[in-house]
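Trainee: missing the sequence, but the structure's below:
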């Protein structure tokens, strides 16, 4: 697989990655809100774990996930900017609608008022043009 197709496939899957990270942050925040029911762990011979320690760990974890999420979002923006470098506006539109907006061939054809043959021709041309940009 050429580099352009690899980047486009990565771009198409980034939303799923971003959403999973957002879900993880939401779960952590829900845990922070419901955590007053936690008690200090008292294990015989073990070290007591304070509620404040748990809060601190959750907050640190949330910040790390937020930082990772920002990096993934920046990667998506970077890949979108590569598409913006294409000279032909139809190439840009086809790639954006297919890989960023996740449109089907039929929906892109309908929106751009073109046949499926034209869509696939433009898509192949756009991938080739993107390969040259990379």
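Mentor: Nice, thanks for sending it over. Please read these numbers as outputs of a predicted model, since none were measured by experiment. Numbering: from 1, shown residues only.
Trainee: mean confidence score for the helix or strand that contains residue 15?
Mentor: Here residue 15, judged by DSSP states H and E, is contained in helix 3-34. Predicted confidence along helix 3-34 averages 84 (mean pLDDT).
Trainee: helices or strands next to the next helix or strand after it in the packing?
Mentor: Following helix 3-34 in sequence order, the next helix or strand is helix 51-84 (DSSP H and E). For helix 51-84, the packing partners by 3 or more C-beta pairs under 8 Å, 6 or more residues apart in numbering; DSSP states H and E come out as helix 3-34, helix 89-95, helix 116-133. Every residue, glycine included, has its C-beta placed from N, CA and C.
Trainee: How about the secondary structure of residue 86?
Mentor: coil (DSSP: H, G, I helix; E, B strand; the rest coil).
Trainee: what sits against it?
Mentor: 92, 95, 126, 129-130, 133 (C-beta atoms under 8 Å, 6 or more residues apart in numbering).
Trainee: Show me which of the residues you listed are buried.
Mentor: Neighbour-count burial (16 or more other C-beta atoms under 10 Å) is assigned, among these, to 92, 95, 126, 129-130.
Trainee: ok now stretch 73-83, how far from the chain's centre?
Mentor: 10 Å (C-alpha atoms, centre = their mean, to the nearest Å).
Trainee: pLDDT averaged over it - what is it?
Mentor: Mean per-residue pLDDT for stretch 73-83: 91.
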